[in-house]
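Participant: predicted model and sequence follow; I will ask about them next.
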Amino acid sequence: MTTKRPISKSDLARLCGVSAAAITKACNPGGLLHAAMDGKRIDAAHPVAAEYLRRHGADAGGIPEPSAPKVKPARKPKAEPKPAAPAKPHMRGKQHANEARKAAATEPADPVVPENVAEYADMTLRDLIAQFGTDVRFGDWLKALKSIEEVREKRLKNAEREGELIPRDLVRQFVVAKFEEAHIQLMTDVSQTLAIQVDAMAAAGADMPECKKYVSETIGKVIRSTKGTVTRVLRDAG
């Protein structure tokens, strides 16, 4: 009989080099690792888990086999403690809140944040608590993320309002498109005109410097015209 090798979802994620969300999804019904679930942990010795490890270049050999549980010696019975005085009703809520804060402070979460935050919407509350430590930590993380995105959005709007940023569509339509038009013009009509004119100049006895000057001035007119159009558009946008 194959000895089981239980491993947590987070440890398996680190061993395979994937996100904890990916392991959680694979452990759900119909997932690749669902058959290997052993309670809340995964049996790395199960064939489907071994195949998953192999696909990700990992090996179950590095996972220690579970040792036999240690039997603690029986303790001598202690004298029954005196019953504690019941806490005042208004103190119980405060004590519970303090204990929750202490637990959150002594058990730091180490969440593996996916690229797509929407993946958390498919997780159960148990999975979220397993990843963040407590539901309070998850709520605090969401609030912090929301605040960061709001600050980022305001900074972008301020930068655009102050002229440090310009709309993407404006650049695409009046900068990139204008230079693309100039490029097409140089490669078609202008190049044909240059070839005809230079041939005529050479037949009339023009030397190389004269022909080069004519070509340079003709191309420069197209580029200066395009640059002038783009400059006006950007100035008006600011």
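Facilitator: Great, that's in hand.

Participant: and the helix ranked longest in the chain, what does it pack onto?
Facilitator: As assigned by DSSP state H, the longest helix anywhere in the chain is helix 208-237. With contacts taken as 3 or more C-beta pairs under 8 Å, 6 or more residues apart in numbering; DSSP states H and E, helix 208-237 sits against helix 177-185, helix 191-203. All C-beta spots, glycine's among them, are computed from the backbone N, C-alpha and C.

Participant: so which bits of the last one are buried?
Facilitator: Pointing back at helix 191-203 there. 194, 198 (16 or more other C-beta atoms under 10 Å).

Participant: out of the helices and strands packed on helix 208-237, flag the one nearest residue 18.
Facilitator: Taking C-beta to C-beta, helix 177-185 is the member of the helices and strands packed on helix 208-237 nearest to residue 18, at 42.3 Å.

Participant: so how far is the closest one off the chain centroid?
Facilitator: How far helix 177-185 lies from its chain's middle: 36 Å, per C-alpha atoms, centre = their mean, to the nearest Å.

Participant: what's the following helix or strand after the worst-scoring helix or strand of the chain on mean pLDDT?
Facilitator: Using mean pLDDT, DSSP states H and E, helix 89-106 stands out as the lowest-scoring helix or strand of the chain, at a mean of 57. Using DSSP states H and E, the helix or strand that follows helix 89-106 in sequence is helix 125-132.

Participant: let's see that next one as CSV, backbone CA atoms only.
Facilitator: As requested, the backbone C-alpha atoms of helix 125-132 are provided in CSV (Å, rounded to 0.1, in the frame of the first residue of the first chain):
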residue,chain,number,x,y,z
LEU,A,125,-14.7,31.9,2.0
ARG,A,126,-12.6,29.0,3.3
ASP,A,127,-10.1,29.3,0.4
LEU,A,128,-9.8,33.0,0.9
ILE,A,129,-9.2,32.6,4.7
ALA,A,130,-6.6,29.9,3.9
GLN,A,131,-4.8,32.3,1.6
PHE,A,132,-5.1,35.5,3.6
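
Participant: would you map out the domains in the chain?
Facilitator: The domain map for the chain lists 6-62, 98-158, 168-237, with the assignment taken from automatic domain parsing.

Participant: pick the most buried one from the ones you listed.
Facilitator: Among the domains of the chain, domain 6-62 has the highest mean neighbour count (mean count of other C-beta atoms under 10 Å), at a mean of 17.

Participant: rounded mean pLDDT for that domain, please.
Facilitator: For domain 6-62, mean pLDDT rounds to 89.
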